[in-house]
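Participant: Structure, please.
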Amino acid sequence: MRSLRSAVQAGWLLAFALACGSVLAHKGSDAYLEVRQLAPASAPAEATAPATDNFTFLLAVAIRDLDLVVPIDANADARVTWGEARAATPRVLALLNEAARLDVLSGAEPGECRLDWQADGLERRSDGVYFRATALARCPAGQALRLNYALLKKQDSTHRLLVAGRIGGSDLLSTVSPQQGSVLLRPANGDAVGVTAERPQAQTGLAAGRWSALRDYFSLGMHHLLQGYDHLAFLLALVLPLQLSLRRRPRAMFTQARSVGAAVVQTGATAAHAGRDAWLALLRTVTAFTLGHSITLMLATFGWTQASPTWVEPVIALSIAVTALLNLRPVAWIRVDALALLFGLVHGFGFAGLLLEAAAPGGLLPWALAGFNLGVEAGQLTAVLGWVLVSQALAGRPWYDRVVVRGGSALLTLLAAWWFWQRVC
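Facilitator: As a prediction, this is how the structure comes out:
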């Protein structure tokens, strides 16, 4: 009882320590860039100026992220007013001009293809208010273009820029972190890989775009799951009661058990059976959660159904609390795998928010969805495997149920209650 009381007290401390965290605990630090190539303007036949391609850029960065570098919230009251945002705009634009730059890999004159960011107002997304900036660029025709990106490099290692658009007739979809530093927007002679019936080499460019989207969004999905504290907390609540042992009982123990009587042999068989049941329960639970969130992720991404973050986010927190409470007070008729399937449907809407806001081009959306979902599954399996390995030092101990299951469930309940309160207030 003392252990449980200590766990509850530690849970309150943990909850208050996380009070300053983001309300959307699973939503990481993301910025969004849309790139479009403008149709070429007609020029007189005698024009001798070198050919250029014109591009528009639209960048959206969360106010809360910019505040890490530029003190937008001047009075530190956790509320950014329009006046504060307007006063900080010159410093924000100077920051973007330095942190998001274009490079032409060859053939450019000094000063060509430069991004000069201009303020374009504010917009609200699912996780808060974003600062919008636009830029025009005139670059040598057919030359390779690379975007250098270093925003929040020192402040947030989880930050990602999601890039989408269309250049030279080809869909563009990619991601880049400040640590990676740059992303290729267009290869040399990019017009040759446009998706048109007259260009047979377009299939090569299309295949490369699909592979790039699949690869980048696999990484994004895994990253999203592993930094999604509420999704990880839900998984932990599901697997806490399962004593998953990787140990095999030595043959000598069974031989000795047989020599002392059938009752001991029966005990060993019962333990082995319980061990198999735990692994089967893990397989059923993880599969049900995967099925649930995959269904709603697909439906929401393709626009076949919609769900507002207003109710999705609180219910995700509620799913953690309900599952953890059932570990403390089990209900015989509630199956854990059915619970995982039901709440998995809600978590899928939470996953879908990132894909929807990335505005992936239609031609690459299925590949981005497939890569993102596979990445989420890889992150999920990594998290479960990590818990299985960590729990080997605890599984089978006489105090496992009292300290780990009940104490851990009490902590998760308190944390989920705090998240729920944040998301409905």
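Participant: Per-residue pLDDT of Asp53, please?
Facilitator: pLDDT, Asp53: 87.
Participant: quick one: secondary structure of it?
Facilitator: Secondary structure, DSSP: H, G, I helix; E, B strand; the rest coil: Asp53 is strand.
Participant: Quick one: residues contacting it.
Facilitator: Residues near Asp53 by Cβ atoms under 8 Å, 6 or more residues apart in numbering: Gln37, Leu38, Pro40, Arg138, Cys139, Pro140, Ala141, Gly142, Gly168. C-beta here means a position set from N, CA and C on the backbone, and glycine is covered the same way.
Participant: Drop anything exposed from these.
Facilitator: Gln37, Cys139, Pro140, Ala141, Gly142, Gly168 (16 or more other Cβ atoms under 10 Å).
Participant: Of these, which is the nearest to Ala60?
Facilitator: Of all the buried ones among the contacts of Asp53, Gln37 has the smallest distance to Ala60: 19.5 Å, by Cβ to Cβ.
Participant: tell me the least confident of the contacts of Asp53?
Facilitator: At the low end of pLDDT for these is Pro40, which has 73.
Participant: That one contacts Arg138, correct?
Facilitator: No - applying Cβ atoms under 8 Å, one finds Pro40 not in contact with Arg138, separated by 11.2 Å.
Participant: buried ones in the longest strand along the chain?
Facilitator: Using DSSP state E to define each element, the chain has its longest strand at strand 128-140. By neighbour count on 16+ other Cβ under 10 Å, the buried set for strand 128-140 is Tyr130, Phe131, Ala133, Thr134, Ala135, Ala137, Cys139, Pro140.
Participant: Between strand 128-140 and the helix or strand that comes right after it, find me the angle.
Facilitator: Sequence order places strand 145-149 as the next helix or strand after strand 128-140, per DSSP states H and E. Put simply, strand 145-149 runs at 150 degrees to strand 128-140, going by axes from the mean of the first three to the mean of the last three Cα atoms, to 10 degrees.
Participant: coming back round to it: packing partners of the longest strand of the chain?
Facilitator: strand 52-62, helix 63-66, helix 82-99, strand 100-104, strand 118-125 (3 or more Cβ pairs under 8 Å, 6 or more residues apart in numbering; DSSP states H and E).
Participant: Include distance to Ala340 when you put the ones you listed into a markdown table, please.
Facilitator: A markdown table is the format used below for those (distance: least, Cβ to Cβ, whole Å):
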| stretch | distance to Ala340 |
| --- | --- |
| strand 52-62 | 31 |
| helix 63-66 | 32 |
| helix 82-99 | 41 |
| strand 100-104 | 41 |
| strand 118-125 | 29 |
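Participant: Relative to Gln155, which of those is closest?
Facilitator: helix 63-66 (8.1 Å).
Participant: elements contacting that closest one?
Facilitator: So helix 63-66, by 3+ Cβ pairs under 8 Å, 6+ apart, packs with helix 82-99, strand 128-140.
Participant: so how far is it from its chain's centroid?
Facilitator: 18 Å (Cα atoms, centre = their mean, to the nearest Å).
Participant: Can you tell me how far the residue nearest the centre of the chain is from Thr134?
Facilitator: What sits nearest the mean C-alpha location of the chain, by Cα atoms, centre = their mean, is His224, with 2.0 Å. Distance of His224 to Thr134, given as Cβ to Cβ, to the nearest Å: 27 Å.
Participant: How about Ala62?
Facilitator: 17 Å.
Participant: before we move on, what about Phe349?
Facilitator: Taking Cβ to Cβ, one finds Phe349 at 31 Å from Thr134.
Participant: can I assume Leu282 sits in a helix?
Facilitator: Yes - per three-state DSSP, Leu282 lies within a helix segment.
Participant: Just give me the neighbour total for it.
Facilitator: Using other Cβ atoms under 10 Å, the number of residues around Leu282 comes to 19.
Participant: tell me the contacts of it?
Facilitator: Contacts of Leu282 by Cβ under 8 Å, 6+ apart are Val239, Leu242, Leu244, Val384.
Participant: Can you give me the distance of the first one to Leu115?
Facilitator: Between Val239 and Leu115 the computed distance is 47 Å (Cβ to Cβ).
Participant: Nearest to Val183 among the helices and strands packed on helix 63-66 would be which one?
Facilitator: helix 82-99 (13.5 Å).
Participant: Buried residues, the closest one. List them.
Facilitator: Glu84, Ala85, Ala88, Thr89, Val92, Leu93, Leu95, Leu96, Ala99.
Participant: swap in stretch 52-66?
Facilitator: Buried, per 16+ other Cβ under 10 Å, within stretch 52-66: 52-53, 55, 57-66.
Participant: Please identify which pair of these lies farthest apart.
Facilitator: The widest separation within these (Cβ to Cβ) is 37.3 Å, between Thr52 and Arg64.
Participant: ok, Tyr229 to Leu282 distance?
Facilitator: Distance from Tyr229 to Leu282, by Cβ to Cβ: 21 Å.
Participant: same question, Thr382
Facilitator: Using Cβ to Cβ, Thr382 is found at 15 Å from Leu282.
Participant: That's all I had, so thanks and see you.
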